[in-house]
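Undergrad: What shape does this take:
(one chain, ligands or ions: 1)
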Amino acid sequence: MDKFVINGNKSLYGEVDISGAKNAAVAILPAALLNKGTCTIENIPDVKDINYILDVIGRLGAKVERLSRNSVRIDASGDIATVADFEVLNHMRASYYIVGALLGRFGNAEVSMPGGCNFGERPVDLHKKGFTALGADVSVSGIFKAKTTLPLKGANIYLDTVSVGATINIMIAAVLAEGTTIIENVAKEPHIVDVANFLNAMGANVKGAGTDVIRIKGVKELNKNINYALIPDQIEAGTFMVAAAAAGGNVLIKNVIPKHMEAISAKLEEMNITVQEFSDSIRIISDGTVGKANLKTLPYPGFPTDMQPIAVALLTVAKGTSIVTEGVWENRFQYVDELRRMGAHITVNGRMAVIEGVDKLTGAVVNATDLRAGAALVVAGLMAEGKTVIRNIKYIDRGYEHFAEKLRSIGADIQRDSDPSN
Ligand code: EPZ
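TA: Numbers count the residues shown, from 1 in each chain. Have a look, this model is predicted:
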C-alpha cells in the first residue's frame, strides 16, 4: 500500500483546479442506468470510488466508454442485470444508489453492501422506508434487495432524519413511478440539486431540489441522448482552502461555486483568514496565524461534516481553545489520536471535541482511518515541523483526484511512496 511523505512548514502559492463532485458522481453514474439513451458525463473526478462504480455499471451490462480522464459515455439501452454481488461493492457505501436505479427501471435490485464504516453505523432504514412507500418489498442484510411489479407508485414520504443518501436514492427510484412522489425533510446539499438536474436532463420531472420538499412527477420512460457536466467538489475545494490557511501563503482555488462554500468561507474568516470570492474561484491569503473558532457540523447549508476533521486539523494550531461539535455522525472523531501523535491537544467527549491550540505540530508517522481523516492528516503534515508519513492512503485515493500532484503544484513538499510494511 502507498503512503504520503510530507516535509512540512512550507507556504503554498499559486493556483489549483478543483475536480468534479465525487458525491454527485457516485449517484449520477448509477442514475444513468434509468436512461435508454446515452449519457455523456463530463467533469467526473478520476478517483477510486468512481472507478469502482463504473466497473459495476459495466459488469451489469451497460456500455461504459471512457472518453477521457474526466468524461465517460454510458449506454444502458441493452440488457442490464439486476443482481450485483461483485467483490468491488464491499468497498463502497454509495453502492445503494444502484438499488434505486435498478428498482426504478426494472422493478428488481439485489446489491451487496458493506456494513458500517470507520465512523460508525451507516443505517439505510430511510432508503428502505422510501422504497417501501413506493410499493417495493425491501430487505437489507448484507444484500440490499428491493422488488416490485412495475410501475412503482408515487407516494408521500417524510424523512425522519435529513439524509443525503435517502433523498437521492428515493428521488432516483421515483422518476419512473406512476403518479407524484413528494419527499419531505430532504437534504439540500449542492449534489442533491446536481442529481435532480441530471435526472431532468434525461427527461424526468423533479422539482424543489435544494429546498426542504422535492416533488417528482413520474414519467413513462427516459430515452434521451444527453451531455451533462458535474458541479465542482465542495469538499475538495474546502480542503484546499483549509490547506492554504494552515500552511500559509496565497492560493487561488479555481472551478468552484463560491455559494456552495459559504459556511466554510465564513468559518475561515472567523479564524482571521483572508477569503476573497470571485465568480468561480476563491483566493485564500494566510500567514499561518489561525484564530480560534467554535463550529458545529450540520446538513447543508450548515458546516459540512466531511470538512470536520480537516477543520479540526487547522484548529490544532489556533490561538486559544476551540470547540467542534459533530451534528451528523455518531462517531467521527477517532482520527484525533493521529493528530495527538503530531502534538495536538484534543479531548473528545461524545460528539464534542475541545481543541487547545498549540504553537506548532511536529511530523510523525500516522494512519489515515477514512477519507476525510486522511485529508486532515495531510493538512496537519503540511503545517507541521519536519517529516510526516501518512499510511493507508488508499482512503484518500477514494475521493481526492491527484491530491499529491495538486498540492505539489502549489509548492507543497509531498511525495507518494510505496509502503512495504503495510
Ligand atoms: C453522504 O453519506 C456522503 N457520502 C458522506 O460523505 C457525508 O458524510 C454524508 O452524506 C453527510 O453529508 C456520499 O455521498 C457517498 P446521510 P450518506 O444519509 O448519504 C442518518 C465522504 O467523506 N441516516 O446524509 O450515507 C445517518 O446515520 C462521505 O465523502 C439514518 O438514520 O449520509 C447520519 O447520522 C463520508 N438512516 C445522517 O442520517 C438512513 O437511512 C446523515 O447520513 C440514512 C442515514
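
Undergrad: Quick one: end-to-end distance for stretch 280-290.
TA: End-to-end distance for stretch 280-290: 25 Å, by Cα to Cα, to the nearest Å.

Undergrad: Please apply the same query to stretch 153-169.
TA: Using Cα to Cα, the end-to-end distance of stretch 153-169 comes out at 15 Å.

Undergrad: can you list the weak-confidence ranges in this protein?
TA: Applying pLDDT under 70 to the chain picks out residues 115-117, 422.

Undergrad: interface residues of it facing the ligand?
TA: Residues of the chain lying close to the ligand by Cβ under 6 Å from any ligand atom are 23, 26, 93-94, 122-127, 161, 163-166, 187, 305-306, 328-329, 371-372, 399. Yep, even glycine has a C-beta here, placed from its N, CA and C like the rest.

Undergrad: Just the buried residues of the residues you listed.
TA: Burial by neighbour count, 16 or more other Cβ atoms under 10 Å: within the residues of the chain next to the ligand this picks out 23, 26, 93-94, 124, 126-127, 163-166, 187, 305-306, 328-329, 371-372, 399.

Undergrad: Mark which of the residues you listed are part of strands, please.
TA: Among those, no member is found in strands (DSSP state E).

Undergrad: gap between Ser281 and Ser77?
TA: 39 Å (Cβ to Cβ, to the nearest Å).

Undergrad: neighbour-wise, which of those two wins?
TA: For the pair Ser281 and Ser77, the greater number of neighbours falls to Ser281 (18 against 13), based on other Cβ atoms under 10 Å.

Undergrad: So that one is in contact with Ile253, correct?
TA: Yes - assessed by Cβ atoms under 8 Å, Ser281 is found in contact with Ile253 at 6.1 Å.

Undergrad: mind listing what's buried in stretch 62-69?
TA: Buried residues in stretch 62-69 (16+ other Cβ under 10 Å): 62, 64.

Undergrad: and the helix or strand containing Leu382, what does it pack onto?
TA: Assessed by DSSP states H and E, Leu382 sits inside helix 371-383. Applying 3 or more Cβ pairs under 8 Å, 6 or more residues apart in numbering; DSSP states H and E, we find helix 371-383 packed against strand 2-7, helix 234-247, helix 308-315, helix 336-341, strand 387-391, helix 394-397, helix 403-409, strand 413-418.

Undergrad: any idea how far it is from the chain center?
TA: Offset of helix 371-383 from its chain centre (Cα atoms, centre = their mean, to the nearest Å): 16 Å.

Undergrad: how big is the angle separating it from strand 2-7?
TA: Here the directions of helix 371-383 and strand 2-7 differ by 30 degrees (axes from the mean of the first three to the mean of the last three Cα atoms, to 10 degrees).

Undergrad: Just the CA coordinates for helix 371-383, please, in PDB.
TA: Extracted C-alpha coordinates of helix 371-383, given in PDB (Å, rounded to 0.1, in the frame of the first residue of the first chain):
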ATOM      1  CA  LEU A 371     -11.100   9.600   3.500                       C
ATOM      2  CA  ARG A 372     -11.600  12.900   5.300                       C
ATOM      3  CA  ALA A 373      -9.500  11.900   8.300                       C
ATOM      4  CA  GLY A 374      -6.700  11.200   5.800                       C
ATOM      5  CA  ALA A 375      -7.100  14.600   4.200                       C
ATOM      6  CA  ALA A 376      -7.000  16.200   7.700                       C
ATOM      7  CA  LEU A 377      -3.600  14.400   8.300                       C
ATOM      8  CA  VAL A 378      -2.300  15.800   5.000                       C
ATOM      9  CA  VAL A 379      -3.300  19.300   6.200                       C
ATOM     10  CA  ALA A 380      -1.600  18.700   9.500                       C
ATOM     11  CA  GLY A 381       1.500  17.400   7.800                       C
ATOM     12  CA  LEU A 382       1.700  20.500   5.600                       C
ATOM     13  CA  MET A 383       1.900  22.800   8.600                       C
END
